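next one to model:
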Amino acid sequence: MRQVRETKAGKSISAWIITRGQRHVATVQAYYGDSGRVQVDVWHASRMTDGTFPELQQRSASGYGYDKLTAALSGLTIDGIRLHDHAEPAEKGSCEGLRGANWDAAKKDYGNYFYAPGLEILTALGYTVIQAI
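Residues are numbered from 1 along each chain as shown. A predicted model of the protein is given here:
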């Protein structure tokens, strides 16, 4: 018998649970369509300071030859943290989770810094990202 994740439907979806300590922060769901389009939904589990829940966030990305999941997540926020695409430039020291590129031996430093892409920035900032599906 096949496992659910081995079915066509199981291969078309993914889900991640985002936590910070014991607090469930958000759930991220992704659908990988037959056309190559990736749609993501971000459901926030925590109330904002005014007691309301943030709106559902949705985005999608399509095309060929790149990371569509990260592109679809780019620009969305989780727990007030903006998610970024690959190679989105950042200033050195602007936050945790930066990646350096183009090492400059004379300066003993990287010439460029970029935000960690997609959900990776959350991990770098101390969140737990669990892929559930």
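
for H24, which non-adjacent residue is spatially closest?
A45 (4.3 Å; C-beta to C-beta, 6 or more residues apart in numbering). (C-beta placed from N, C-alpha, C; glycine too.)

I figured the one you found hits Q22, correct?
No. In this structure, A45 is not within contact of Q22 by C-beta atoms under 8 Å, at 11.9 Å.

okay, now the residue nearest to H24: neighbour count?
15 (other C-beta atoms under 10 Å).

who are the contact partners of it?
Neighbouring residues of A45 by C-beta atoms under 8 Å, 6 or more residues apart in numbering: R23, H24, V25, A26, T27.

over to D34?
Listed by C-beta under 8 Å, 6+ apart, the contact set of D34 reads S12.

kindly state the pLDDT recorded for it?
At D34, the pLDDT value in this model is 89.

do you know the pLDDT at the nearest residue to Y31 once chain neighbours are set aside?
In this structure, Y31 finds its nearest non-sequential neighbour in Q39, 4.7 Å apart by C-beta to C-beta, 6+ apart. Among the per-residue scores, Q39 holds a pLDDT of 97.

secondary structure class for Q39?
With DSSP: H, G, I helix; E, B strand; the rest coil as the basis, Q39 sits in strand.

then K107?
With three-state DSSP as the criterion, K107 reads coil.

quick one, longest strand in this structure?
Secondary structure assigned by DSSP state E gives strand 23-32 as the longest strand of the chain.

show me what counts as buried in it.
Applying a neighbour-count criterion of 16 or more other C-beta atoms under 10 Å, one finds V25, A26, T27, V28, Q29, A30 buried in strand 23-32.

K92: which of those residues is nearest?
V25 (27.2 Å; C-beta to C-beta).

need the next SSE after the worst-scoring helix or strand of the chain on mean pLDDT, C-terminal direction.
When the helices and strands of the chain are scored by mean pLDDT, DSSP states H and E, helix 8-11 comes last with a mean of 85. Moving toward the C-terminus from helix 8-11, the next helix or strand (DSSP states H and E) is strand 13-20.
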